[in-house]
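Chemist: just the structure for this:
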Amino acid sequence: MPTDIKCPNCGHQFEPNEAIREEVQKELRAQAADWQKKKNEEFNQKLDEEKKRIQQSVEENLRKSISSDFENRLRLAEQNNKDNEEKLKLSRQKELEFLKKEKELKTKEEELELSVQKKVLEEREKLSKEIRKIEDQRMQQLETDFKLKLAEKDKQLEDQKKLADEMRRKAEQGSMQLQGEVQEIALEEMLRSAFPFDMITEVGKGVRGADCLQIIRNNFGQECGKIIYESKRTNAFAADWIEKLKADMRSQGAEIAVIVTKTMPRDMDCFGIKDGVWICSFGEVKALAAALRDSIVRTFNATKSNENKGDKMHLLYGYLTSNEFAEQWKAIREGFMSMKLSIQKERDAMEKLWKAREKQLEKVLLNAAHIRGSIEGISGSDVDLNLLEAGDDEEEE
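Modeler: Presented below is the predicted three-dimensional model:
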C-alpha cells in the first residue's frame, strides 16, 4: 500500500517515488540512528550515574554494616571484658577471703599453742599445790612430834631441876669435885636458858671426859646436829683433854666438840679452835655456842632444802611418767593433729579451686585475643583490647 507523504509547510500530500522514498528512509534512518545514539548516550550516562549512585549506596551500606558489625563486636568485647573483670574481681575477693581464713587458722594454731602452754602451767600449779599440801601435812606431823618432844623436855627439865637442887646442895659442902659439878650444872642451865628449843642432856656415866650433849633443833622441832661439851675447872690445861673429847664426839655422833675451861692453853689467850676442838672460857661459851649452833642450823637447812628439791623432782617425774599425764597429753595431741589435718584439707581444696580458675582465665584471654585479631583484620588498625595491664602482652611477647 502506497504511503502518502504530507508536506509540513503546505500540507500537500503526494506519493513519494522510489528515490524520494529511499532518501526519506535514509534520512529517517539517520535520524533514528542519531536518536538511538543520543538515547543510548543518555541511557549510558544515566546508567553510569545509576551505577555510581548504586556503588555509593552499596559502599555506604557496606561501610555502615561494617561499622555496625564492628561496634557490635566491640560492644560484645567490652561486655566480655567487663564480665571478665567482674570474674577476676570475684576471684581476687575469694583469694583475699582465703588468705583471711588462712590467717585466722594460723591465729587459731597460735591460740591452741597458747592454750596448751596454759594447760601445762595449770598442771604445774596443780602439782605445786599438791606438793604444798603434802608439805603442810608433813609440817603438821612435825609440829605434833615437836609438841610431844617438848612434853618430854619438860619432864627432863623437871628431873634436871631436881638434880640441880641436889648438886647445889652438894656444892655447899665446898669440895673441889662439887665445884666442878657446879660448873657443869651451870653450863647445862645456861645452855637450856639460851637455847630453849634444844635438848641438853648429860652424857652417860660410862663416858670419860664429856659432860653434856646439846641436841640442836630448829623452830619446827627438827634435829639439826649435836655439840658435845666438856667442863674443866682446874689450874692447868691438859693436852690429852682434846683427844679424849674428840673420841667422845665420834662416839656420840656430834659435829662439834667444845672444852669450857678455867685455864686456857699457853698458846691461846681467848677462845679458838685447836686440833679440831673449840676451847673457850665460861664467860665466852654462850656467844661461841650461839655461833656454832647457827652454823649447824644453816648447814642442816641447806641440806634439807636440797632434799626437798629432790622430793619435788621425784613427784614431778612421777606425774610426768604417769598414765594420767600421758592420756591428757594424748588428748591434746589428737586435737592438734585433727585441726592440722583440717587446715591441710582446706588448703588442698583452695589450690584445686585456684587451678580451675586459672584455666578459666586462660580461656578468657584466648577468646579475647581471637576477638582482637578479628577486629584488627576488619579495621586494619591496632585496637587496645588487652584484659591485662598495659605492657603485659609486650613483655610476654
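
Chemist: from the contact counts, what lies against the helix or strand that Gly335 is a member of?
Modeler: Gly335 belongs to helix 323-379 when assigned by DSSP states H and E. Where contact means 3 or more CB pairs under 8 Å, 6 or more residues apart in numbering; DSSP states H and E, helix 323-379 is packed against helix 18-171. Using the backbone N, CA and C atoms, a C-beta is placed for each residue, glycine as well.

Chemist: between the helix it packs on and helix 323-379, how many degrees?
Modeler: Inter-element angle recorded for helix 18-171 and helix 323-379: 160 degrees (by axes from the mean of the first three to the mean of the last three CA atoms, to 10 degrees).

Chemist: tell me how far the helix or strand that helix 18-171 is followed by is from the chain's mean position?
Modeler: Using DSSP H and E, the helix or strand that follows helix 18-171 in sequence is helix 176-194. The gap between the average C-alpha position of helix 176-194 and the chain average comes to 69 Å, counting by CA atoms, centre = their mean, to the nearest Å.

Chemist: picking up where we left off before, mean confidence for the helix holding Gly335?
Modeler: What helix 323-379 shows for mean pLDDT is 79.

Chemist: stretch 305-313 now?
Modeler: Average pLDDT, stretch 305-313: 65.

Chemist: can you tell me the SS state at Ile227?
Modeler: strand (DSSP: H, G, I helix; E, B strand; the rest coil).

Chemist: may I have the beta-bridge partners of it?
Modeler: With DSSP bridges as the criterion, Ile227 is bridged to Gln214, Ile256.

Chemist: where does the stretch 151-300 of the chain have low pLDDT?
Modeler: By pLDDT under 70, the low-scoring segments of the stretch 151-300 of the chain are 168-180, 204-209.

Chemist: show me the contacts for the residue nearest the centre of the chain.
Modeler: Nearest to the mean C-alpha position of the chain, by CA atoms, centre = their mean, lies Glu110 at 5.5 Å. Contact partners of Glu110, counting by CB atoms under 8 Å, 6 or more residues apart in numbering, are absent.

Chemist: what separates it from Phe325, distance-wise?
Modeler: Separation of Glu110 from Phe325 (CB to CB, to the nearest Å): 24 Å.

Chemist: again with Asn44
Modeler: Asn44 is 115 Å from Phe325, by CB to CB.

Chemist: between those two, who's got more neighbours?
Modeler: Phe325 (14 against 10; other CB atoms under 10 Å).

Chemist: for Gln156, give me its contacts.
Modeler: With CB under 8 Å, 6+ apart as the criterion, the residues that contact Gln156 are Met199, Thr201.

Chemist: sec struct for the residue nearest to Phe300 when sequence neighbours are not counted, please.
Modeler: In space, and not counting its chain neighbours, Phe300 is closest to Cys224: 3.7 Å by CB to CB, 6 or more residues apart in numbering. Following three-state DSSP, Cys224 is assigned to strand.
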